[in-house]
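> structure, please.
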Amino acid sequence: MFKKILICAAAVVCCIAVLVGGVWCSAQCDSSLCNEVIVAVEDSVKHQFVDAEELVYYLDGMQCYPKGDSMRTVDCHAIEQCLEKHDMVRIAECYKTPFGKVHISVEQRVPVLAVVTNEGRYYVDSDRKVMPIRGEILGNIPMIRGAVSKRAATEEYYDFVTWLADSSYWANRISTIHVHNPKYLVLTQEGMSAKIILGELSGYERKLGNLRTLYTKGLDKIGYPEYREYDLRFVKQVVGRK
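From the prediction side, this is the model:
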């Protein structure tokens, strides 16, 4: 019985200590000033469209940089909302720790395709939103050139590019989609001079399926003739032109 009483007493003391510690930490956090802001761009190893220094400058310009403010008044949610308005930021997370520190973690937007038109150029990101291009277009991003509206780029062309990327056969084979008009699309193949005339976008699964059959069951065995283009606009056949 005495042993049980000691165990219960120890548990109560531990609970009180944790409670007091939490209250003390909260009081310390609320009464101190923010003396350090730690900004991390989490996925910068894969690609880097923005760095911590630019984000600090951006927050300062938007009057959201918390350094020097009372920790009691630092609004983490407002900082997150401010950062998520940045052109290159997808998600931001912010939290406070004791002794005047504010931690900010940022996830960048991910480009899925690049679009180049007479009106300008831009990326479409993984959320189907238009994203500005900084510098040169990434070499591993599929490109669409020509008469493409932003609506089409974020809808049917986005679907087409993601279908290609998900295909075990076509992933990384198609480098550029040339849109002369909505009914005449030409595809450029990576490492091959022969172009693919797709025609209109509808039925692309069937059309490219026919070409894949020709490649894998025909040309892979007999060798590739010097065709300058493969025309997929005909039902159940592929027309090669020299």
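> CA atoms for contacts and neighbours, from now on please.
Will do.
> and this structure, what are its domains?
33-108, 111-241 (automatic domain parsing).
> going by mean pLDDT, which of these comes out lowest?
Mean pLDDT per stretch puts domain 111-241 lowest among the domains of the chain, at a mean of 91.
> please give the centre-to-centre distance between that one and its chain.
Here domain 111-241 shows a centroid-to-chain-centroid distance of 20 Å under the convention C-alpha atoms, centre = their mean, to the nearest Å.
> in the chain, which residue is most central in space?
The structure's the chain has its C-alpha centroid closest to Val110; by C-alpha atoms, centre = their mean the separation is 1.6 Å.
> coming back round to it: now the domains of the chain in TSV, with mean neighbour count?
Shown next, in TSV, are the domains of the chain (neighbours: other C-alpha atoms under 10 Å):
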stretch	mean neighbour count
domain 33-108	16
domain 111-241	16
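> list the contacts of stretch 63-81.
Here stretch 63-81 makes contact (C-alpha atoms under 8 Å, 6 or more residues apart in numbering) with 29-37, 56, 59, 82, 91-96, 100, 102.
> what is the end-to-end distance of stretch 178-185?
6 Å (C-alpha to C-alpha, to the nearest Å).
> and for stretch 230-242?
First-to-last residue span, stretch 230-242, C-alpha to C-alpha: 9 Å.
> gap between that stretch and the chain center?
35 Å.
> let's number from 20 now, not from 1
Let's use 20 as the start, then, which means that last one is stretch 249-261.
> how far does stretch 59-78 sit from the chain's center?
For stretch 59-78, the distance to the chain centre is 14 Å (C-alpha atoms, centre = their mean).
> coming back round to it: shouldn't the residue nearest to the centre of the chain be in contact with Asp144?
Yes: applying C-alpha atoms under 8 Å as the test, Val129 and Asp144 come out as touching, 5.2 Å apart.
> what touches both of these two?
Joint contacts of Val129 and Asp144 (C-alpha under 8 Å, 6+ apart) do not exist.
> picking up where we left off before, next step: the contacts of stretch 82-100 restricted to strands.
The members of those that map onto strands under DSSP state E are 55-56, 110-115, 121.
> distance of Gly259 from Lys214?
Applying C-alpha to C-alpha to Gly259 and Lys214 gives a distance of 10 Å.
> overlap of the contact sets of those two?
Joint contacts of Gly259 and Lys214 (C-alpha under 8 Å, 6+ apart) are 247-249.
> contacting residues for Thr173?
Counted by C-alpha under 8 Å, 6+ apart, Thr173 has contacts 143, 147-149.
> now tabulate the ones in strands among the contacts of stretch 82-100 in TSV and tack on distance to Arg225.
TSV is the format used below for these (distance: C-alpha to C-alpha, whole Å):
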residue	distance to Arg225
Glu55	58
Val56	54
Ile110	38
Ala111	41
Glu112	44
Cys113	47
Tyr114	50
Lys115	54
Val121	54
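> between those residues, which is nearest Thr232?
Lowest distance from Thr232 to the ones in strands among the contacts of stretch 82-100 (C-alpha to C-alpha) belongs to Ile110, with 42.3 Å.
> for that closest one, give me its contacts.
So Ile110 contacts 99, 103, 125-127 (C-alpha under 8 Å, 6+ apart).
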